[in-house]
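>>> Mind folding the following:
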Amino acid sequence: HWIVLSVLLAEQLVYGGLLNNLSGMFLIPVCESLEMKRLLFSVAISLRTIGAIVSTLFSGVIKTYFSNKRLMTTGMLVVSISCVIMGTSTNVVHLSIGFALLGLCDGFCYTAAVTRILTAWFHTHQGLVLGAVTAGSGIGGSLICYVLTFVMDKFGWRAGFYTCSLMTILLTLIL
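The predicted structure is shown next:
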């Protein structure tokens, strides 16, 4: 039980932390570098939200065909790929594709998936366990903010996305 809890907490620290930082930290550097309006960046972020809605709606049905572990592992690999796409983007279309892919992983990597896994493993104190794991996304957001600030100050916003990809790949190895 505690191994599952630890892995899901680590997953929320990284994945939830990334989600908490992507829209704010990258807005100005990406818009300035790609010479695009902030509105277009917001459209890309909106595509992530739409992808999250779609994946969350269908994640329960898809879960009947694949295990939680396989869905979460595949989702985290796609998150890593989406971060690479965003890091290599040269226009709003590439950026939008990366954010849309990221959103499509929400149903398999974020709250809906974590809730299903925790309720399968913890039959008592489910609220406490879910609360602790969910708090990981806020804590991860704070910690990743410092990491991304350092990386982006030294190497630029593209390196920030590559760092997100690297963190996700490292997390996938423990899944």
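>>> Pull out the buried positions in the helix or strand hosting residue 41.
If you go by DSSP states H and E, residue 41 is part of helix 38-63. Within helix 38-63, the residues that count as buried by 16 or more other Cβ atoms under 10 Å are 40-41, 44-45, 47-48, 51-52, 55-56, 59, 63. To be clear about C-beta, it is placed using only N, CA and C from the backbone, and glycine gets the same treatment.
>>> ok, of those residues, which one's closest to residue 152?
residue 41 (15.4 Å; Cβ to Cβ).
>>> Please tell me how far the closest one sits from residue 19.
Distance, residue 41 to residue 19, by Cβ to Cβ, to the nearest Å: 15 Å.
>>> cool, residue 99 as well?
According to Cβ to Cβ, residue 99 stands 11 Å off from residue 19.
>>> Tell me the helices and strands packed up against the helix or strand hosting residue 119.
Of the helices and strands defined by DSSP H and E, residue 119 is found in helix 111-121. Judged by 3 or more Cβ pairs under 8 Å, 6 or more residues apart in numbering; DSSP states H and E, helix 111-121 is in contact with helix 2-11, helix 38-63, helix 68-88, helix 126-155.
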